[in-house]
Structures are given as structure tokens and as C-alpha cells.
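A.B. asks: Sequence and predicted model, in that order:
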Amino acid sequence: MAPRDDATADIRFYYGIGAFMIVVYGGAIAAAVLLDLAVVDRRLVPLTVGFLLFMLVYFVSISVQRLEPSDA
């Protein structure tokens, strides 16, 4: 495997981890709603907005890393 292939595989892995984190967060919120474990009201909105902003920065940083020249 060439070094460029390793870098591409790493970036795909990071994207996969980000998608997995979104699925886990969504599943936790859905479980809390369905099982009446938490009251879902306006208090959950800032938490969700903060999480989505974090994920946006995460994905943007991965995309910026793809634009950097490789040291091959």
C-alpha cells in the first residue's frame, strides 16, 4: 500500500468515526425519548446545537487536512 493510500484510508476512518458518533448521539436521544428517561424540551436544544457545531468543526478539519500537500 502506498503512503497516499494510507492517508486516504485514515481520512475515511475519521469520517466513519464521525458518522458513528452522530448515530450514537441520535440513538441516545431517541432512546431517552422512547423510554421516558429524560424530559425532552428546550434544554436539549443547546446541547444538540453544540454537538452539531462540534461535528461540523470535526468534519471541516478532516476536509482541510485532505487539502494539505503530502510529504511523499
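C.D. replies: Structure's in. What do you need?

A.B. asks: just to confirm, which helix or strand has the nearest residue to L37 once chain neighbours are set aside in it?
C.D. replies: Counting by C-beta to C-beta, 6 or more residues apart in numbering, L37 lies nearest to A31, which is 6.9 Å off, once chain neighbours are set aside. Placement of C-beta: from N, CA and C, glycine included. Assignment of secondary structure by DSSP states H and E places A31 within helix 3-34.

A.B. asks: V57 too?
C.D. replies: Using DSSP H and E, the element containing V57 is helix 44-67.

A.B. asks: Name the residues that touch that helix?
C.D. replies: 11, 14-15, 18, 21-22, 25, 29, 38 (C-beta atoms under 8 Å, 6 or more residues apart in numbering).

A.B. asks: mind saving the C-alpha coords of it as CSV?
C.D. replies: C-alpha atoms of helix 44-67 as CSV (Å, rounded to 0.1, in the frame of the first residue of the first chain):
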residue,chain,number,x,y,z
LEU,A,44,-31.9,19.7,24.9
VAL,A,45,-31.6,22.2,22.1
PRO,A,46,-28.4,23.9,23.2
LEU,A,47,-26.8,20.5,23.8
THR,A,48,-27.7,19.3,20.3
VAL,A,49,-26.6,22.6,18.7
GLY,A,50,-23.3,22.4,20.5
PHE,A,51,-22.8,18.8,19.4
LEU,A,52,-23.6,19.5,15.8
LEU,A,53,-21.2,22.5,15.8
PHE,A,54,-18.5,20.3,17.2
MET,A,55,-19.2,17.7,14.5
LEU,A,56,-19.1,20.4,11.8
VAL,A,57,-15.7,21.6,13.0
TYR,A,58,-14.6,17.9,13.2
PHE,A,59,-15.6,17.3,9.5
VAL,A,60,-14.2,20.6,8.3
SER,A,61,-10.8,19.9,10.0
ILE,A,62,-10.7,16.5,8.2
SER,A,63,-11.5,18.1,4.9
VAL,A,64,-8.8,20.7,5.4
GLN,A,65,-6.3,18.0,6.2
ARG,A,66,-7.1,16.4,2.8
LEU,A,67,-6.1,19.7,1.1
